[in-house]
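> requesting a structural model of the entry that follows:
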Amino acid sequence: MPNTYSATQKTLHWLIALLIVGVYLLTYGEGFYERGDPMRATIWWLHISFGLLLLGLVLVRIGLRFTRGTPELPPEMTPVERGASQAVHLGLYLLMLGIPLVGVVLTWLRGDTLSFFGLFTIPSPVEADRTLGRSVKEIHELGANLILALAALHAAAALWHHFVRRDGVLARMLPGRGNEQPGLAD
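Modelled structure (predicted):
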């Protein structure tokens, strides 16, 4: 079992965190433009493209988690703390997968094609249904708010481990920190 995350795992962690916040904030950009302004469409095109990028990176991250594993938690953590850690991580992973997938369905229900930065498009395989789309949009927005709340809890716990417990939990995920075990591939 590794005693720290690999450089690739660390990079993905921080890049995904930035993407989650960026994609979330991007949704507020449309408010700066009036209906019909082409910038509103550009903002949603970027939101969808970055959301698809996020989904791809999360899939890579999950693959690394299964193949490389994760560092052991400190032995002084109680069973309740370990369970809470596992529950928060599971929730984050489910939301990191679910939110973009629900966003894909939402895009198709609106009758739009998916575009990944204009490099390729995926036409909608379903009939447009704006009524169902509104319900799916609410689920997408709820997921986005939940992941920010869960990420804030995750960050607060990491800071608590770093400043109060001083047990090295946060250091395992900081860039350039920790002791990589020789011979373990990223």
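> so which bits of the helix or strand containing residue 89 are buried?
Using DSSP states H and E, residue 89 sits in helix 79-109. Using 16 or more other C-beta atoms under 10 Å as the test for burial, helix 79-109 gives 85, 91-92, 95-96, 98-100, 102-109. Where you see a C-beta, it was placed from the backbone N, CA and C, and this is true even at glycine.
> name the element the most far-flung residue of the chain relative to its centre belongs to?
For the chain, the residue at maximal distance from the C-alpha centroid (C-alpha atoms, centre = their mean) is residue 36, at 30.3 Å. Here residue 36 sits in a region with no helix or strand, counting by DSSP H and E.
> and it, backbone torsions?
phi 90, psi -20 (degrees, to the nearest 10).
> tell me how many other residues crowd residue 115.
17 (other C-beta atoms under 10 Å).
> hey, where'd the helices end up in this structure?
Secondary structure of the chain (DSSP state H): helices located at 7-26, 38-68, 79-109, 130-160.
> quick one, which of those helices gets closest to residue 176.
Residue 176 sits nearest to helix 7-26 of all these, at 8.4 Å, using C-beta to C-beta.
> so which residues make contact with the closest one?
5, 43, 46-47, 50-51, 53-54, 57-58, 60-61, 64-65, 68, 96, 144, 147-148, 151, 173-175, 180, 186 (C-beta atoms under 8 Å, 6 or more residues apart in numbering).
> restricted to buried residues, select those residues in ChimeraX.
The buried subset of the contacts of helix 7-26, as determined by 16+ other C-beta under 10 Å, is captured in ChimeraX by this line:
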select :5,43,46,47,50,51,53,54,57,58,61,64,68,96,144,147,151,173,174
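> circling back: the helices of the chain: which one's closest to residue 117?
Closest to residue 117 of those is helix 38-68 (C-beta to C-beta; 4.5 Å).
> what angle do helix 79-109 and the closest one make with each other?
Computed by axes from the mean of the first three to the mean of the last three C-alpha atoms, to 10 degrees, the angle separating helix 38-68 from helix 79-109 equals 140 degrees.
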